[in-house]
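*Asks:* Please work out how this folds:
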Amino acid sequence: MSLFTDPRWGEALSHLPDYLGNHVRVSLAALALGLIASLPLALLTRNHPAPRGILLALASIVQTVPGLALLALFYPLLLLLASVTLAWFGFSFSAFGFLPAVLALALYSMLPVLRNGITGLNGIDPALIEAAKGVGMTARQSLVMVELPLALPVMMAGIRTAAVWVIGTATLSTPIGQTSLGNYIFAGLQTQNWVFVLFGCLASALLALAVDQLLGLLETGLRQRSRMRTGLGAIGIAALVAATLVPTMGRSSQSYVVGAKTFTEQYVLSALLRDRLQAADLSATARSGLGSSVIFEALKAGDIDLYVDYSGTLWANQLHRTDIKPRAELLAELKTALAKENITLLGELGFENAYALVMPRKRAEALGIRSIADLAAHASTMSIAGDYEFFSRPEWAALQKAYGLSFRTQRQMQPDFMYAAVASGEVDVIAGYTSDGLIAKYDLVALDDPRHAIPPYDAILLLAPMRAGDERLQAALRPLLGRIDIATMREANLRASGNDANSSPDAVAKWLWEKVSNR
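*Replies:* Residues are numbered from 1 along each chain as shown. Prediction:
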């Protein structure tokens, strides 16, 4: 079966109205906000060199910040602002998804609009401006009737560039909770679904091309005073705006939102939770690809309703605890601490997905390495790879402190790629996950942790504060508690790492429910 006859193209197409509509909405809102801010600033500073230089320098600095980092920075800033407005004025707002994405993307759009706006206006022949004054035009009349029409081609070039930048960068808004065409790309990378990756890239490129051409048509119509061209461009833009309404049509306002982090297991579990809610006649959608801190804060704020987390992650990252306690005691303390924030720990799913240092079985046996303590003696000559979070997490600091680990090099990479990298010898050791089926697939071994530097990582189901008393929700989810053992989860993760239609998170979630329900 070739890539282009893969049935997953149909699955990708089924998500297009939701993903495309949200992508268009956030992109157009950001571009509009960027224009509202940039054009007046260009007009105000065009004849003032010092403010103009400072403004362009600041806009240039924004462009040097990676798009994903800029998007991520707005989330904690807005969370802080929301807490301040709640304390001082008695109201709050959602810092999740749409708002941080719009603000970050609007900043990204400003440089080309500012630069081309100032260049276009300052590039007009001074004799034309003097002629306008000579016929009695006021400064405002000269600006509207002479300068702006003459500067329009250069200004529109900046706007078109900004539109393309915004549409491309909007694909990076998935980790902060904004649904976009980036959902295809992030999900595809995590589950090795290259159909989704290709579909997302093509859809984003085609959308950017379409918007660029529509803006070009609008520009030509205005410059040539062609009503037909102007009308066609305006109709096209209006059609895109109308497309943003598609995701909201027919959607229940009571829909539950299931969150998921950025790796395969989370995609499978979020699909399973969504399916269980829908089977109980509860409307539910999944919001995937969220970072560990973002997803917890989103749950606290009520932007998502439920998700699966891991006891060790919450113990180290949210409670900032460095001591390691027995599993039952840790879970009890964690449940009490979460309850103080009105978060419900509904129960454990039945398996543990802990961080573990993993290496090829044959090499470990050849070097006599059975535990992390054994590894420490060889670490200085080895390389290690981890996911995007691992080396900044408390668990890594705890491992270094407990075993004195010091590797020759550290690398970060997408989780599924780590396993192929260590199996092929590209790296010597990886920070893997104990429930990952790829450990068996590549004949790897998870090293023992005799000093218990890594806490227990039971998979636990968390509910948002507003769902604490939701009996229908909890009743739909209780059949999953304690029913998924480690062997079943490993097999599910291995299935999800395949490259066919049966390996999609939705298909694996259905298989997982059959296994659970038949016990």
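*Asks:* which residues of the stretch 201-350 of the chain fall in strands?
*Replies:* Shown for the stretch 201-350 of the chain, the strands assigned by DSSP state E, counting those that start in this stretch span residues 256-259, 284-287, 306-310, 344-352.
*Asks:* other SSEs contacting the longest helix belonging to the chain?
*Replies:* With secondary structure taken from DSSP state H, the chain has its longest helix at helix 8-45. Counting contacts by 3 or more C-beta pairs under 8 Å, 6 or more residues apart in numbering; DSSP states H and E, helix 8-45 is packed against helix 49-64, helix 98-122, helix 148-169, helix 182-191, helix 194-224, helix 227-243. The way it works is simple: take the backbone N, C-alpha and C, and place the C-beta from them, glycine included.
*Asks:* Tell me the spacing between the residue sitting nearest the centre point of the chain and Ala286.
*Replies:* In the chain, the centroid-proximal residue (C-alpha atoms, centre = their mean) is Pro175; its distance is 1.5 Å. Relative to Ala286, Pro175 is positioned 14 Å away (C-beta to C-beta, to the nearest Å).
*Asks:* Output the below-cut-off pLDDT ranges for the stretch 201-350 of the chain.
*Replies:* 244-254 (pLDDT under 70).
*Asks:* no wait, the stretch 351-500 of the chain
*Replies:* Scanning the stretch 351-500 of the chain for pLDDT under 70 picks out 499-500.
*Asks:* Okay, helices next: where are they in it?
*Replies:* Counting by DSSP state H, counting those that start in this stretch, the stretch 351-500 of the chain has helices at residues 361-367, 372-376, 394-403, 415-424, 438-441, 471-477, 486-496.
*Asks:* circling back to that earlier point, I'd assumed Thr262 was in contact with the residue nearest to the centre of the chain.
*Replies:* Yes - between Pro175 and Thr262 there is a contact under C-beta atoms under 8 Å: 6.8 Å.
*Asks:* what touches both of those two?
*Replies:* Between them, Pro175 and Thr262 share these contacting residues under C-beta atoms under 8 Å, 6 or more residues apart in numbering: Phe186, Gly289, Leu290, Gly291.
*Asks:* Now render these as JSON lines, adding distance to Ser14 and neighbour count.
*Replies:* Shown next, in JSON lines, are the shared contacts of Pro175 and Thr262 (distance: C-beta to C-beta, whole Å; neighbours: other C-beta atoms under 10 Å):
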{"residue": "Phe186", "distance to Ser14": "17", "neighbour count": "23"}
{"residue": "Gly289", "distance to Ser14": "18", "neighbour count": "29"}
{"residue": "Leu290", "distance to Ser14": "22", "neighbour count": "28"}
{"residue": "Gly291", "distance to Ser14": "26", "neighbour count": "18"}
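*Asks:* quick check, nearest of the residues you listed to Ser226?
*Replies:* Set against Ser226, the nearest of the shared contacts of Pro175 and Thr262 by C-beta to C-beta is Phe186 (41.8 Å).
*Asks:* what's the pLDDT at that closest one?
*Replies:* Model confidence at Phe186, given as pLDDT, is 85.
*Asks:* Find the nearest non-adjacent residue to it, please.
*Replies:* Residue nearest to Phe186 in three dimensions, not counting chain neighbours: Gly289, with 4.1 Å by C-beta to C-beta, 6 or more residues apart in numbering.
*Asks:* how close does that neighbour sit to Gly67?
*Replies:* The gap separating Gly289 from Gly67 is 15 Å, by C-beta to C-beta.
*Asks:* And for Phe263?
*Replies:* According to C-beta to C-beta, Phe263 and Gly67 sit 21 Å apart.
*Asks:* Same check on Ile439?
*Replies:* On the measure of C-beta to C-beta, Ile439 and Gly67 end up 33 Å apart.
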